[in-house]
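1. Predicted structure and sequence below. I'll ask about it afterward.
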Amino acid sequence: AQSVTQPDIHITVSEGASLELRCNYSYGATPYLFWYVQSPGQGLQLLLKYFSGDTLVQGIKGFEAEFKRSQSSFNLRKPSVHWSDAAEYFCAVGAGNMLTFGGGTRLMVKP
Amino acid sequence: SQTIHQWPATLVQPVGSPLSLECTVEGTSNPNLYWYRQAAGRGLQLLFYSVGIGQISSEVPQNLSASRPQDRQFILSSKKLLLSDSGFYLCAWSGQGGHTEAFFGQGTRLTVV
């Protein structure tokens, strides 16, 4: 069965600083990978997805993620964080009809 | 375009009372449908998923059940709520095949008192 690990439960960065959120997955075949963002009390919004091809994928709101098969990772990055990026971020792996989510990383942004 | 509706947005229920949360999808047919629960400070736990009418798969044993009476309707139920059922419940849909992203409703905040 597939699994997803997000090692960082909380991350605090200063506004304008760069950001990297880590995601490691376990899956026996080629994974379909996703990053979602959740604002407090809201549903999840898709930031970006990887199915195949270029391992660096661009998403909405200036986010990007890089798929590294050798490291079983799909880390999310943003060069300059804005205060509005404060939220919870979830990495997910898709297999068959199942989406398995990591435990989430809560991002706080300092002014 | 496709939309997903989930209601109610918030719910406070006493222990032992029944539960019914409803989710409907518009603008697509034969979607995969999902119920997730998000407990405070924790990730998303898949409770149920459905690939078609009347087809329900349960991922965790619990006192909750799900039903899919129509193609685009997914209902989460309980006969008797427990305190531990409190949480944020999210409905989602995806296309068939598993390689498409899931789209989420706005969630229901359930507090069992």
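-> Yes, it's here. Residues are numbered from 1 along each chain as shown, chains lettered A, B, ... in the order given.

2. Verify the stated contact: B:Asn63 with B:Ser84.
-> No. B:Asn63 lies out of contact with B:Ser84 (C-beta atoms under 8 Å); the separation is 9.1 Å. Bear in mind the C-beta positions are built from the backbone N, C-alpha and C, glycine included.

3. Check which residues of stretch A:55-67 are buried.
-> A:57, A:59, A:63-67 (16 or more other C-beta atoms under 10 Å in any protein chain shown).

4. Now do the residue nearest the centre of chain B, the pLDDT please.
-> Centroid-nearest residue in chain B, with C-alpha atoms, centre = their mean: B:Trp35, separated by 3.0 Å. B:Trp35 is assigned a pLDDT of 95 by the prediction.

5. ok, now B:Thr10?
-> On the pLDDT scale, B:Thr10 is placed at 95.

6. Provide a list of residues in contact with it.
-> If you count contacts by C-beta atoms under 8 Å, 6 or more residues apart in numbering or on different chains, B:Thr10 has them with B:108-111.

7. possible to save those residues as CSV with pLDDT and distance to B:Thr100?
-> Shown next, in CSV, are those (pLDDT from 0 to 100; distance: C-beta to C-beta, whole Å):
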residue, pLDDT, distance to B:Thr100
B:Thr108, 95, 24
B:Arg109, 94, 27
B:Leu110, 95, 28
B:Thr111, 95, 33
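
8. Out of these, the closest to A:Arg77 would be?
-> Set against A:Arg77, the nearest of these by C-beta to C-beta is B:Arg109 (31.4 Å).

9. elements contacting whichever strand or helix holds the closest one?
-> Per DSSP states H and E, B:Arg109 falls inside strand B:108-112. Packed against strand B:108-112 by the contact rule (3 or more C-beta pairs under 8 Å, 6 or more residues apart in numbering or on different chains; DSSP states H and E) you find strand B:10-13, strand B:19-26, strand B:87-94.

10. quick one, which of the ones you listed is nearest to A:Ala17?
-> Per C-beta to C-beta, nearest to A:Ala17 of the helices and strands packed on strand B:108-112: strand B:87-94, 29.4 Å.

11. In the sheet, which strands lie alongside that closest one, parallel or antiparallel?
-> Paired neighbours of strand B:87-94 in the sheet (DSSP bridges): strand B:32-38 (antiparallel), strand B:102-104 (antiparallel), strand B:108-112 (antiparallel).

12. possible to save those strands as TSV with distance to A:Arg106?
-> Shown next, in TSV, are these (distance: least, C-beta to C-beta, whole Å):
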stretch	distance to A:Arg106
strand B:32-38	12
strand B:102-104	18
strand B:108-112	18
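
13. Which of the ones you listed sits closest to A:Gly104?
-> Closest of the strands paired with strand B:87-94 to A:Gly104 is strand B:32-38, at 8.6 Å (criterion: C-beta to C-beta).

14. and the gap between the residue nearest to the centre of chain B and B:Ile56?
-> Counting by C-beta to C-beta, to the nearest Å, the separation of B:Trp35 from B:Ile56 is 10 Å.

15. name the helices or strands packed onto the longest strand along chain A?
-> Longest strand in chain A by number of residues (criterion: DSSP state E): strand A:87-95. Packed against strand A:87-95 by the contact rule (3+ C-beta pairs under 8 Å, 6+ apart) you find strand A:3-5, strand A:32-38, strand A:73-78, strand A:98-101, strand A:105-110.

16. Could you tell me the least trusted of those?
-> strand A:98-101 (a mean of 84).

17. where do the contact lists of B:Trp35 and B:Ile56 overlap?
-> Common neighbours of B:Trp35 and B:Ile56 (C-beta under 8 Å, 6+ apart) are B:48-49, B:66.
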